[in-house]
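>>> this one's sequence-less:
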């Protein structure tokens, strides 16, 4: 029979107590045959090997001004990032794009295509290299709703896909692309790619 040894730390003055529950039933806890750290309900599981990282929501930002909406401080363990936007519009017709960064936002090297489908009509896909273009044909004050997803492929390679829709007519935008960063991603941005400014809507991100 193997032994169980309980050893106190050489530093610290607190008392560590193991307490049994108030029960009239015998219970058996079987310890695994391996070394490791016991996790509790109060443990921070972020980055723990073998434990899925939690789905974390950012703070929603009103897209009512400025040419870009930034989300920074994304943790290095994030492998999938989702941006959701509702009722977003601008005061012009510039492309609305999605940028990522590793200390600073990148505005070159994107490989991406956006395609617009409208009732009984499909526009040819257009390629963009300064961002992952999400919306490429709109008008001032037109609200857009959609979701964009970034997925990590390893070695700082990120793939992108998105779908968005206009509220004023039956138009759907589908997008996809890829970008390899020099470092670890820590920020994402929705931008008008020009002097047009956001004038309505709400944007948020989630990462896991």
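Everything's here; your move. In this text the structure is predicted, and so the values were computed from the model without any measurement.

>>> so where is the chain shaky, pLDDT-wise?
41-53, 119-124, 137 (pLDDT under 70).

>>> repeat that with 80
1, 9-10, 12, 36-54, 118-125, 136-139, 169-170 (pLDDT under 80).

>>> Now do the strands in it.
56-57, 61-62, 68-72, 80-90, 96-101, 111-118, 121-122, 126-128, 132-135, 144-154, 157-166, 171-180, 187-191, 198-207 (DSSP state E).

>>> and among the ones you listed, the most buried is which?
Each of the strands of the chain was assessed for mean neighbour count using mean count of other C-beta atoms under 10 Å. The highest is strand 132-135, with a mean of 26. All C-beta spots, glycine's among them, are computed from the backbone N, C-alpha and C.

>>> Could you list the paired strands of that one along with their orientation?
Note on strand 132-135: by DSSP bridges, its sheet partners are strand 96-101 (antiparallel).

>>> How far off centre is the strand it pairs with?
Centre-to-centre, strand 96-101 and its host chain are 12 Å apart (C-alpha atoms, centre = their mean, to the nearest Å).

>>> Contacts for it, please.
Residues from elsewhere that reach strand 96-101, judged by C-beta atoms under 8 Å, 6 or more residues apart in numbering: 83, 88, 90, 105-107, 128, 130-135, 138, 144, 148, 150, 158, 160, 162, 179, 181, 185-193.

>>> try it again with 6 Å
Residues from elsewhere that reach strand 96-101 (C-beta atoms under 6 Å, 6 or more residues apart in numbering): 105, 131-135, 148, 185, 187-193.

>>> tell me the two of those that are most distant?
Across the contacts of strand 96-101, the longest distance by C-beta to C-beta is 22.5 Å; it joins 135 and 185.

>>> Tell me how many other residues crowd residue 107.
Neighbourhood size, residue 107 [other C-beta atoms under 10 Å]: 15.

>>> can you pull the contacts of it?
Applying C-beta under 6 Å, 6+ apart, the residues near residue 107 are residue 130.

>>> mind running it again at 8 Å?
With contact set as C-beta under 8 Å, 6+ apart, residue 107 has these partners: 99, 130, 131.

>>> count of neighbours near the last one?
It refers to residue 131. Residue 131 has 26 neighbouring residues, counting by other C-beta under 10 Å.

>>> before we move on, what about residue 195?
Residue 195: 9 surrounding residues under other C-beta under 10 Å.

>>> any idea how far the spatially closest residue to it that is not a sequence neighbour lies from residue 33?
Distances taken as C-beta to C-beta, 6 or more residues apart in numbering put residue 67 closest to residue 195, at 6.8 Å, once the chain neighbours are dropped. In this structure, residue 67 lies at 58 Å from residue 33, with C-beta to C-beta, to the nearest Å as the measure.
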